[in-house]
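Q: I need the structure of the sequence given here:
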Amino acid sequence: MTTPCSRRGFLAASGTLAVGLGIATGIPGATSAYAAQHTARDAAADDEFAELRAKWRPLILGEGFSPTAEPFRTKLADLGTQAADLLADIAPKRGSLWPDLDYADPDPDQDTESYGYSARMQESFSRLRTMAEAYHQQGTGLTGDAALKEAVLTGLDHLHEDVYHQSGEPFGNWYNFQIGAPQALLDTAVLFYDDLSAEQIAGYCAAVDTYLPDSAVEEYTGTSTGANRVDLCRGLILRGIVGGSAEKIALGATALTPVFPYVTKGDGFYDDGSFLQHTNVPYIGGYGSVLHDGLGRLFALLRGSTWEIDAPDRQLFLDTVEMAVAPFIHNGLMMDNVSSRGISRGLIASDPYQLAQDDHTRAHSVMSSILLVGQGASAEELGRWQSMVKGWLQRDTYGPALKNPKLNLVSTARLKALYDDDTVKAAPEPAEHRVFHQMDRVTHRRRDWAASVSMASQRITHYEFGNQEHARGWHTGSGWLSWWGDDHGLGQYSDAYWPTVDPYRLPGITVSRKELPDGFGGDWGNPVPDTSWVGGTGDGEFGTTGQHLQGVDSTMRARKSWFWLDDCVVCLGSDIASSDGAAVETVIDNRNLGESGTEALTLNGRPQPSRQGWSTTREPVRWARIAGHAGYVFPGGTRLVALREERTGAWKDINAGSSPKEFTRRYLTLWQDHGTDPEGAGYAYILMPGASELRTAARALDTRWLEILADGAEQHGIRVPSLGFTGVNFWQPGTVGKVTASAPVSVQIRERRDGTAVICVSDPSRTVENLTLRWKQRVKSVVSKPTSVTGATTGSSLTLTFGKLGDSKGATHKVIVRRA
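A: Residues are numbered from 1 along each chain as shown. Alright, predicted model coming up:
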């Protein structure tokens, strides 16, 4: 172990040390420039580096909480226990720092095996950071413990000498060397900065410069986009703070600039609120949350410094809180359909406490990040965001953030302060419909329930498989319809759902039972269908959505539509055909009943058996209800299959790095069996989240409530007279009810009580040059219209002409008219 020295001692010695180490930029021959930079730096600059290190510490450790108050006392004790266990097991030797984390790759390359070795290298650094936090936090039982400090410092040197050094070569996953390891290393270096010698600091910075060179942010492309770019910039900025390099900090801050503008292709935020990573994967709950957390921290770190982030497009990023993130959070959970591989990481094998991740835990860190980002927003924005987050905190009855044992102290302290602040009033869930046409997702939020549909197209993958994660996510883009109530269904996807559910029976999907291998498509294969008509329209409250579905590695095709209303979702399907030689099903719902659930099922008002293994096929079923969950209405009746079953699985089944521990959960599944190799099959049902038996039965009896105008291969359309609602998906031009379209578009009309009507149109296929739309309804005048409307004729009917709809990439065009 080298002898620790003061920061001033480092300044005096660094000029000569740097010459021998060559660490300025990672570029050969740059050593003299490095020495000159450090010996010539004035005291003011040195003080600013110290100030930034002081600002980063609470962003690692948290602040403003009492270590003797709950939940902090328990969290700190747990942190101490974890650190003590790590201290007891640490055993530096060639190729490892802990016996269970061997990182010595015998055949280093970029294959799956090497990915495991590089991940264990990163995890070794992460464990040292955990130990460092236990040393510096109060109430851990190891605060200021000399043996713990010695182990951390020894561990840093061991990893530096053994695997992460200036002359090394990366292997396995690039992420572990460029992002994961440097973050943990530099965080630990900040915490123990005063205990590190100049030689140690110089060596660590040289290693970071090797694996995270300036060239990593030269171009905004490849792995240097979106959330990855933010992480890379964080590494550069912290390397500058630890190593005393103004140039590194400036580079990291400047290189964030491309993150803020909305993108039109590839990774990043889009102007409709979509967020993509890996080109075609919706990822607001994964990489999007990482981006928000990273930028929030860097905003806070650099605010008021020489390098304050003040990019001209910064407000665009702030707008994403309400435009992109909030629509996917419901009562404290982050919807799984924007978390991709993250939903397969429920129980990580290396986690000594075996605490599961789920949609609630993913939301908790996002909620904290929103508050952090809000510190740099306007007072009005911050006020709205605080009320929004407080509402989520109060309404999460399944997995409350303040009872999440895995939520770090920083986030816990931030959320607890808000929860206890009586001056902030909780905001209710909004009544809002959003179409994310750039990522084939739709959200429909009401005060007492929320739903979302996940689709795939030529533009968006069915699912992502990579790093041996998400092995059975094949059908998550096949019209998966997820929903939650205000105080029921919040654990649907949280309670060991993904390792135990039948992956061919996700709610809402139409699917071929053709067997698929785990990880179909291979690492990062991201299979996409060849269909383009996917998307829809909406007026901000109600919506009309459609998907021309092509199955994964299947001949199965279908036309699927969803009409989103005040208390329900109307679901239509048609043109279902396949030649796979396998059965095809449409899954009405598949409810997770937990370990021992026996929720009652009624079909046409008659109670059904609750024993496990029970199944039935009934016809005609006009309505069904699962107690405590939802009601289901089948206009005209249908042939319905119901099944109660227990299913057993382990997270390791769908994620190679997860625990082999098995879970058993009960499921109650309803589906329509279209038979083997159907031709022209279809379905129609109404999903009513939270509906009572009385309300479900009443809806089924009221045959005038819903008019199905079209349910064939060329159009889907419905009308709900009591709501003044008409929605039509024109797969092909034609006439449906009073609406005629000259091109394949999605159309929605809402007739308001004030005498106006809102007409919404989109081109999901992105192929329509010109459209003539006719509504056979007397119209007095056009109140407002977008520039895409090139002509409007009123009178006994309304005729609208639109130009170049395809250029809007699926966006909605809204026209308001006054009826005669």
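
Q: what comes up buried for the longest helix that the chain contains?
A: As assigned by DSSP state H, the longest helix anywhere in the chain is helix 112-136. Neighbour counts using 16 or more other CB atoms under 10 Å place 114-136 of helix 112-136 among the buried residues. For glycine as for every other residue, the C-beta is placed from the backbone atoms N, C-alpha and C.

Q: Point to the residue nearest the middle of the protein.
A: Nearest to the mean C-alpha position of the chain, counting by CA atoms, centre = their mean, stands residue 285 at 1.5 Å.

Q: mind checking the SS state of that one?
A: Three-state call for residue 285 (DSSP: H, G, I helix; E, B strand; the rest coil): helix.

Q: try the one 5 residues further on
A: Applying three-state DSSP to residue 290 yields a three-state assignment of helix.

Q: With residue 571 instead?
A: strand.

Q: Might you list the low-confidence residue ranges for this protein?
A: 1-44, 349-355 (pLDDT under 70).

Q: repeat that with 90
A: For the chain, the stretches with pLDDT under 90 are 1-46, 110-112, 310-312, 346-357, 406, 467, 487-488, 657, 804, 806.

Q: For the biggest strand by length in it, name the packing helices and strands.
A: Identified as the longest strand of the chain according to DSSP state E is strand 630-650. In terms of contacts (3 or more CB pairs under 8 Å, 6 or more residues apart in numbering; DSSP states H and E), strand 630-650 is packed against helix 497-500, strand 583-594, strand 601-603, strand 615-626, strand 662-676, strand 681-689, helix 693-701.

Q: partners of that strand, with directions?
A: strand 615-626 (antiparallel), strand 662-676 (antiparallel), strand 681-689 (antiparallel) (DSSP bridges).

Q: Just name the most buried of the ones you listed.
A: strand 681-689 (a mean of 22; mean count of other CB atoms under 10 Å).

Q: got the contact list for the closest residue to residue 645 other than its chain neighbours?
A: Sequence neighbours aside, residue 667 is the residue nearest to residue 645 in space, at 5.6 Å (criterion: CB to CB, 6 or more residues apart in numbering). For residue 667, the contact set (CB atoms under 8 Å, 6 or more residues apart in numbering) comprises 500, 501, 502, 590, 591, 592, 593, 643, 644, 645, 646, 647.

Q: got it, and residue 241?
A: 49, 52, 53, 56, 186, 190, 249.

Q: Residue 769 against residue 808, yeah?
A: No: the criterion here is CB atoms under 8 Å, and residue 769 misses it with residue 808 at 11.9 Å.

Q: Between these two, point out the one with more neighbours.
A: residue 808 (18 against 12; other CB atoms under 10 Å).

Q: distance of the more buried one from residue 801?
A: 15 Å (CB to CB, to the nearest Å).

Q: ok, now residue 444?
A: In terms of CB to CB, residue 444 sits 30 Å off from residue 801.

Q: And the helices in the stretch 101-250 of the chain, which stretches?
A: Secondary structure of the stretch 101-250 of the chain by DSSP state H, counting those that start in this stretch: the helices cover 112-136, 146-162, 174-175, 181-191, 198-211, 226-243, 246-254.

Q: CA atoms only for the one helix or strand residue 479 maps to - export them in CSV, please.
A: Take DSSP states H and E as the rule and residue 479 turns out to sit in strand 478-485. Listed next in CSV are the C-alpha coordinates belonging to strand 478-485 (Å, rounded to 0.1, in the frame of the first residue of the first chain):
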residue,chain,number,x,y,z
SER,A,478,-47.7,-8.8,-30.2
GLY,A,479,-50.4,-6.6,-28.8
TRP,A,480,-49.6,-7.2,-25.2
LEU,A,481,-52.3,-5.3,-23.3
SER,A,482,-51.3,-4.5,-19.7
TRP,A,483,-53.5,-2.8,-17.1
TRP,A,484,-53.7,-1.9,-13.5
GLY,A,485,-56.4,-0.5,-11.1
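
Q: from the chain's centre, how far out does that strand sit?
A: The chain centroid and the centroid of strand 478-485 are separated by 15 Å, computed with CA atoms, centre = their mean, to the nearest Å.

Q: In terms of secondary structure, what does that strand contact?
A: strand 449-455, strand 510-512, strand 543-550, strand 569-577, strand 681-689.

Q: Just give the strands next to it in its sheet, each with its orientation.
A: By DSSP bridges, strand 478-485 pairs with strand 449-455 (antiparallel).

Q: Could you check stretch 94-107 and say which residues are buried?
A: Quick answer for stretch 94-107 (16+ other CB under 10 Å): 96, 97, 98, 101, 102, 103, 105.

Q: hmm, I was thinking of stretch 562-580
A: Neighbour-count burial for stretch 562-580 flags 562-565, 568-578, 580 (criterion: 16+ other CB under 10 Å).

Q: Please apply the same query to stretch 699-707.
A: Buried residues in stretch 699-707, counting neighbours by 16+ other CB under 10 Å, are found at 699, 700, 705, 706.

Q: I'd like to know how many residues surround residue 532.
A: Neighbour tally, residue 532, other CB under 10 Å: 16.

Q: Also residue 370?
A: Residue 370: 26 neighbours (other CB under 10 Å).

Q: Where does it fall, secondary structure wise?
A: Applying DSSP H and E, one finds residue 370 within helix 359-374.

Q: thinking again about what came up before, what two of the buried residues of stretch 699-707 are the furthest from one another?
A: The largest separation in these, counting by CB to CB, is between 700 and 706 at 10.4 Å.

Q: contacting residues for the spatially closest residue to residue 312 that is not a sequence neighbour?
A: Sequence neighbours aside, residue 260 is the residue nearest to residue 312 in space, at 8.0 Å (criterion: CB to CB, 6+ apart). By CB under 8 Å, 6+ apart, residue 260 lies in contact with 311, 312, 313, 314, 316, 317.

Q: Which entries within the residues you listed meet the buried criterion?
A: 311, 314, 316, 317.

Q: what's the burial count for residue 761?
A: 27.

Q: let me fix that: residue 746
A: Residue 746: 30 neighbours (other CB under 10 Å).

Q: Touching, it and residue 729? I think so.
A: Yes: the criterion here is CB under 8 Å, and residue 746 meets it with residue 729 at 5.2 Å.

Q: shared neighbours, those two?
A: With CB under 8 Å, 6+ apart, residue 746 and residue 729 have common neighbours 536, 544, 545, 546.

Q: Turn the residues you listed into TSV, including neighbour count and distance to residue 222.
A: Below are the shared contacts of residue 746 and residue 729 laid out as TSV (neighbours: other CB atoms under 10 Å; distance: CB to CB, whole Å):
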residue	neighbour count	distance to residue 222
536	30	32
544	32	38
545	31	33
546	30	34
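
Q: In these, find the pair that's most separated.
A: Every pair of the shared contacts of residue 746 and residue 729 checked by CB to CB; the farthest is 544 and 546, at 7.4 Å.

Q: Need the helices and strands packed on strand 630-650 in JSON lines (columns: distance to residue 379).
A: Shown next, in JSON lines, are these (distance: least, CB to CB, whole Å):
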{"stretch": "helix 497-500", "distance to residue 379": "40"}
{"stretch": "strand 583-594", "distance to residue 379": "42"}
{"stretch": "strand 601-603", "distance to residue 379": "51"}
{"stretch": "strand 615-626", "distance to residue 379": "45"}
{"stretch": "strand 662-676", "distance to residue 379": "46"}
{"stretch": "strand 681-689", "distance to residue 379": "36"}
{"stretch": "helix 693-701", "distance to residue 379": "43"}
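
Q: of these, which approaches residue 417 most closely?
A: Comparing the helices and strands packed on strand 630-650 by their distance to residue 417 (CB to CB), the top pick is helix 497-500, with 32.2 Å.

Q: who's in contact with the closest one?
A: 343-344, 346, 592, 647-651, 653-654, 663-665, 667.

Q: Tell me the one of these nearest residue 725?
A: Using CB to CB, these come closest to residue 725 at residue 592, 31.5 Å.

Q: What's opposite that closest one in the beta bridge?
A: residue 667.
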